[in-house]
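[1] pasting the structure only:
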């Protein structure tokens, strides 16, 4: 559940539903364009079939944890969609706190190279944007500079300690 990028998933899912002309199964249309309720047995059967297909799409594209949390017997697609939305929106604030902490504590020294460090920052920034907490460009620059400075400072301290140790060993000989 923690690594779900709900906004991206939801946007892609809505695009798919719209392209198959079944978006109204997850998002009710505006009152002015309301879908008329199925009245005949054949219309009700078609509605039910389509709803089950879309529900299976949702279940097939979410994590196992989320699936076990939202699945209910005889649920409609809209009910499952709304439960999923409620869970992930409730989780939004804790996700922001977790992601902010990860971003603030990211140090270049914990990555094999600069590219990996930058990729992690990009991922965290994307996730923060998805939960409604975008990172400013200034903050990103500061994070990159701080990550670099900390690594350089630690390397300098390690080099200084090695020099002092070498000097002490050389003088004691």
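    Received, thanks. Everything quoted here is computed from the prediction, not taken from an experiment. Residues are numbered from 1 along each chain as shown.
[2] what stretches of the chain score poorly on pLDDT?
    Scanning the chain with the threshold set as pLDDT under 70 gives 1-4, 31-38, 90, 149-158, 161, 164-173.
[3] and if we set it to 80?
    Within the chain, the ranges that satisfy pLDDT under 80 run 1-8, 29-39, 88-92, 114, 130-131, 144-173.
[4] Got the domain ranges for it?
    Partitioning the chain according to automatic domain parsing yields domains covering residues 6-90, 92-172.
[5] how about JSON lines for the ones you listed, with mean neighbour count added?
    The way it works is simple: take the backbone N, C-alpha and C, and place the C-beta from them, glycine included. Rendered in JSON lines, the data for these read as follows (neighbours: other Cβ atoms under 10 Å):
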{"stretch": "domain 6-90", "mean neighbour count": "14"}
{"stretch": "domain 92-172", "mean neighbour count": "13"}
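[6] Can you show me the strands along the chain?
    If DSSP state E is used as the criterion, the chain turns out to lack strands entirely.
[7] pretty sure residue 78 is touching residue 29, no?
    No - contact between residue 78 and residue 29 fails when scored by Cβ atoms under 8 Å: they sit 11.9 Å apart.
[8] quick one: residue 78 and residue 108, what's the gap?
    In this view, residue 78 and residue 108 are 46 Å apart by Cβ to Cβ, to the nearest Å.
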